[in-house]
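# Predicted model and sequence follow; I will ask about them next.
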Amino acid sequence: MKAQGLDAPLIEPRWDPAGERFERWRRAETGFPFVDAGMRELAETGWMHNRARMVTASFLVKHLHIDWRAGEGHFADRLVDYDPAQNEGNWQWVAGTGIDAQPWFRIFNPERQRGRFDPDGAYCRRWLPEWEAGAYPDPIIDLAQEAAEAKVRYQAARARLSV
């Protein structure tokens, strides 16, 4: 696949259908507090902190293996500061696709990101009162396993480009 009117090829890994995992992401029920807090903030305010935007997007495409366009569409429907070029560009950057993409092998670990950017848990507690109350869902995936799977899929997509 080539970018619209440009000569630079795009890496497009094999995506999973936007099924139950996508719905859990949308409903802020992934079991990963930083991801869920960001998604809850989006649902309740129509806005999301920039770091949370990157982490939730990376989680969707690199851990859940859902096509970035599904996440972009969800953000387009919800963001009050929605801008088509900015939103699509950000999603392509995080997904490691498109013209100005981050390295495809860069995968934000939502637990490490929470530790670095919400070390006292204030952001997560604000949006997830059930987190402190002990009624929080278990993680829907194994982070390490899904990150490894993402790398396999991206490497396969990259190999297809060199044919």
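Done, it's in. Note that the coordinates shown come from a computational prediction; the quantities given were computed from them, not determined experimentally. Numbering: from 1, shown residues only.
# CA only for contacts and neighbour counts going forward, please
Fine.
# so what's the residue positioned nearest the centre of the chain up against?
Geometric centre of the chain, nearest residue: residue 57, 1.9 Å, by C-alpha atoms, centre = their mean. For residue 57, the contacting residues are 68, 71, 91, 94, 95, by C-alpha atoms under 8 Å, 6 or more residues apart in numbering.
# what does residue 36 give?
Neighbour list for residue 36: 25, 27, 28, 29, 30, 128 [criterion: C-alpha under 8 Å, 6+ apart].
# Recalculate using a threshold of 10 Å.
24-30, 42, 52, 56, 124, 127-128, 131 (C-alpha atoms under 10 Å, 6 or more residues apart in numbering).
# I'd like to know which of those are buried.
25, 26, 28, 29, 30, 42, 52, 56, 124, 127, 128, 131 (16 or more other C-alpha atoms under 10 Å).
# Helices of the protein, residue ranges please.
Along the chain, counting by DSSP state H, helices occupy 20-26, 33-45, 50-58, 68-78, 84-95, 110-117, 122-127, 129-133, 143-161.
# Take those helices and lay them out in JSON lines including mean pLDDT and distance to residue 13.
Shown next, in JSON lines, are the helices of the chain (pLDDT from 0 to 100; distance: least, C-alpha to C-alpha, whole Å):
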{"stretch": "helix 20-26", "mean pLDDT": "98", "distance to residue 13": "17"}
{"stretch": "helix 33-45", "mean pLDDT": "98", "distance to residue 13": "22"}
{"stretch": "helix 50-58", "mean pLDDT": "96", "distance to residue 13": "14"}
{"stretch": "helix 68-78", "mean pLDDT": "96", "distance to residue 13": "11"}
{"stretch": "helix 84-95", "mean pLDDT": "89", "distance to residue 13": "10"}
{"stretch": "helix 110-117", "mean pLDDT": "98", "distance to residue 13": "21"}
{"stretch": "helix 122-127", "mean pLDDT": "97", "distance to residue 13": "31"}
{"stretch": "helix 129-133", "mean pLDDT": "91", "distance to residue 13": "33"}
{"stretch": "helix 143-161", "mean pLDDT": "89", "distance to residue 13": "5"}
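# Please identify which of the ones you listed is closest to residue 14.
Set against residue 14 and scored by C-alpha to C-alpha, the helices of the chain come closest in helix 143-161, at 6.2 Å.
# For the residue nearest to residue 74 when sequence neighbours are not counted, which residues are in contact?
Sequence neighbours aside, residue 26 is the residue nearest to residue 74 in space, at 7.9 Å (criterion: C-alpha to C-alpha, 6 or more residues apart in numbering). Contacts of residue 26 were listed using C-alpha under 10 Å, 6+ apart, and they are 20, 35, 36, 39, 40, 42, 43, 56, 60, 71, 74, 75.
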